[in-house]
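S.K.: Build the 3D model from these lines:
(chains A and B)
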Amino acid sequence: MGKIVAISMNTFRESIRDRVLYSLIVFSFLMLAFSILLANITIGDPIKIVKDFGLAVISLFGVLITIFVGIGLLYKEMERRTIYVILSKPITRWQFLLGKYLGLSITLAVEVFIMTFAFFCLCFYYENIISWELLKAIVPIFFELLLILSIAIVFSSFSSTFLSGLFTLSIFVIGHFTQDIKILAASNESLFFKKLSQVIYYILPNLENLNFKARVVHNLPLPYKEIFFSILYSVVYSIFLLVLAIIIFNRRNFP
Amino acid sequence: MNALAIRTNGLYKTYRTGFLHKKFLALNNLNLEVKQGEILGYLGPNGAGKTTTFKIILDLIRPEKGEVYIWGKRAYGSSYRQEIGFLPDNPYFYDYLTPLESLDFYGKLFNFKKSERIERSRELLLWVGLDNFKDRQLRKFSRGMLQRLGVAQALINNPKILILDEPMLGLDPMGRRELRDIIIKCKENGKTVIFSTHILSDVEMICDRAAIIFNGTVHDVVSVEKTLETEIQFYEVIYANTTGKHELIRFKEYKDAMEGVENINKQGLKMISFNPHRMNLEDIFIKQAEGRINRWGK
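M.R.: Numbering: from 1, shown residues only, chains lettered A, B, ... in the order given. Okay, the predicted model is just below:
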């Protein structure tokens, strides 16, 4: 366990020195500030617009940080060949990969925490109360990010930064439309496309399961049980992906 | 003394290169033995398979065939690396860390206690001559300084086996000398050392044996001491002729050489040098290399 912690702490240390992380965080703050302007010029309840937009910003920038920082860090180890020194020590490849994952998860947790804090301050400015119920949407967003991070780790365990980023981003986008794929499967007459759509629907993660943004913003009923099962879904899926990444990583050569 | 620290048995490794994934045989039935307590020089031209051998020993690369044994046991899992120190070719480290932080990090991978890590790191930095730079970020380090840190990290676990891939690369003459001293000191402390290099004089100076590898196969393993003790092969006499130009004559026998020197003196020419020539590693290496070239020609 000590070895995994050592790797994860080093990864966290490396990620917080990454300029990409800071530029994305700064940009997300600007976007949050932009929501004030948007609330003023749009018809409707301004606080709902700020909340809706703010949650979208946390989600989107979280994903961008996961992809750009997450993939870069694993690939850099191989490209800069720092991995040779590490893997020549008595550490297994799964310990290394898990350490990387944990380190990046800590980075994401800190990043989500900072953005949430800024977002809460913004909402407090409008409502004069702390909108704790927003956490019902933010916590699932965090678990969605962890799931995307596992996808990124799978891809970066065998392909380049660019391709990993592209694949991960594609799965993030498709993952939010899997319900539509199911509908498409039902309505399509071609048996081949029907089967293909079904396979895609069952294999790819359904990220909409973790999207409670609209229901939280509009105060619609949202039982804790539903949130719990969605998070459980994300955790199980992430574990499955990490096992897959470890299998691929274990078979790799580092010439 | 006869126990084997490392033994590889029939290693085969193929790489696929280029767009068409053309096969390239990097190791071809490679058998290598490193005896306990010795310094073995691993010699070979570029692309002979030296780095691949080391990486297979450390499980960074998996061979298609063959096994690696460390202290007679099959190298398996990660625990066998507890007793090995490795310096990769052109080592890279996290450039945002300082040498002290780097060594501390690598120490953690051995589950060493904090006090142990600090003590060992300071001691090693002093040993490799980086104690004055221990708090400087590695991004500001020169190639040679990184190489020194590479040696320090390879020794962090006080390993019984030290594997160094081109350790002299990037070092200035002083650095090379210091590294040779470190390697000799390691041997005195009972460590087994194997290192690859192109610099034959380094091997002659510090190695017990040298293994010569060509095209992924170990072709010869020679005892350095015995090689240097071989009989004189010929005598080289260099003199200045009447125009002052230097000329070289080789004599097989000592008697003939001495007669040659007398003649030079009789003619009133100036003697420049008289060198008895022994077989050295370079001769063996070149002979092996020529053998390979002939075979390619067939």
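S.K.: give me the element B:R250 is part of.
M.R.: Using DSSP states H and E, B:R250 maps to strand B:246-251.
S.K.: buried set for the next helix or strand after that strand?
M.R.: Sequence-wise, the next helix or strand downstream of strand B:246-251 (DSSP H and E) is helix B:254-266. Applying a neighbour-count criterion of 16 or more other CB atoms under 10 Å in any protein chain shown, the buried positions in helix B:254-266 are B:257, B:260-261, B:264. For the C-beta atoms, the positions are set from N, CA and C on the backbone; glycine is no exception.
S.K.: could you pick out which of the residues you listed are near chain A?
M.R.: Judged by CB under 8 Å from any CB of the partner chain, the overlap between these and the neighbourhood of chain A is nil.
S.K.: Tell me the one among those residues nearest to chain A.
M.R.: Nearest to chain A out of the buried residues of helix B:254-266 is B:A257 (CB to the nearest CB; 51.1 Å).
S.K.: Give me the pLDDT value at that closest one.
M.R.: B:A257 is assigned 89 on the pLDDT scale.
S.K.: again with B:W296
M.R.: Looking at B:W296, its pLDDT reads 44.
S.K.: so the residue in the stretch 151-298 of chain B that chain A sits nearest to, which of the three states?
M.R.: In the stretch 151-298 of chain B, no residue comes nearer to chain A than B:Q153, which is 6.3 Å away by CB to the nearest CB. What DSSP: H, G, I helix; E, B strand; the rest coil gives for B:Q153 is helix.
S.K.: Just list the residues touching the nearest residue to A:S28 once chain neighbours are set aside, thanks.
M.R.: In this structure, A:S28 finds its nearest non-sequential neighbour in A:F61, 4.0 Å apart by CB to CB, 6 or more residues apart in numbering or on different chains. Neighbouring residues of A:F61 by CB atoms under 8 Å, 6 or more residues apart in numbering or on different chains: A:24-25, A:27-28, A:31, A:115.
S.K.: Swap in 7 Å and give it another go.
M.R.: A:24, A:28, A:115 (CB atoms under 7 Å, 6 or more residues apart in numbering or on different chains).
S.K.: so which of those is the most crowded?
M.R.: Using other CB atoms under 10 Å in any protein chain shown as the neighbour criterion, A:M115 leads these with 25 neighbours.
S.K.: Now it: phi and psi?
M.R.: In terms of degrees, to the nearest 10, the main-chain angles of A:M115 are phi -70, psi -40.
S.K.: Give me the spatial nearest neighbour of it, chain neighbours excluded.
M.R.: Excluding its sequence neighbours, the residue lying closest to A:M115 (CB to CB, 6+ apart) is A:I58, at 4.9 Å.
S.K.: Contact partners for the one you found?
M.R.: Applying CB under 7 Å, 6+ apart, we find A:I58 in contact with A:112, A:115-116, A:119, A:138, A:141.
S.K.: If any of the residues you listed are buried, put those into a ChimeraX selection.
M.R.: Buried members of the contacts of A:I58, defined by 16+ other CB under 10 Å, are picked up in ChimeraX with:
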select /A:112,115,116,119,138,141
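S.K.: farthest-separated two in the contacts of A:I58?
M.R.: Checked with CB to CB, the contacts of A:I58 reach their widest spread between A:F119 and A:I141, with 11.1 Å between them.
S.K.: quick one: the helices in the chain?
M.R.: Here I'm looking at chain A. Counting by DSSP state H, the segments of chain A that form helices are A:2-15, A:19-41, A:46-65, A:71-79, A:82-87, A:93-127, A:135-156, A:161-175, A:178-187, A:191-203, A:213-217, A:224-251.
S.K.: meant chain B, my bad for not saying
M.R.: Going by DSSP H, chain B shows helices at B:50-57, B:99-108, B:114-127, B:143-154, B:173-188, B:200-206, B:224-228, B:254-266, B:281-297.
S.K.: Tell me what angle the fourth one forms with helix B:114-127.
M.R.: In terms of direction (axes from the mean of the first three to the mean of the last three CA atoms, to 10 degrees), helix B:143-154 departs from helix B:114-127 by 140 degrees.
S.K.: helices or strands up against helix B:143-154?
M.R.: If contacts are counted by 3 or more CB pairs under 7 Å, 6 or more residues apart in numbering or on different chains; DSSP states H and E, helix B:143-154 sits against strand B:84-87, helix B:99-108, helix B:173-188.
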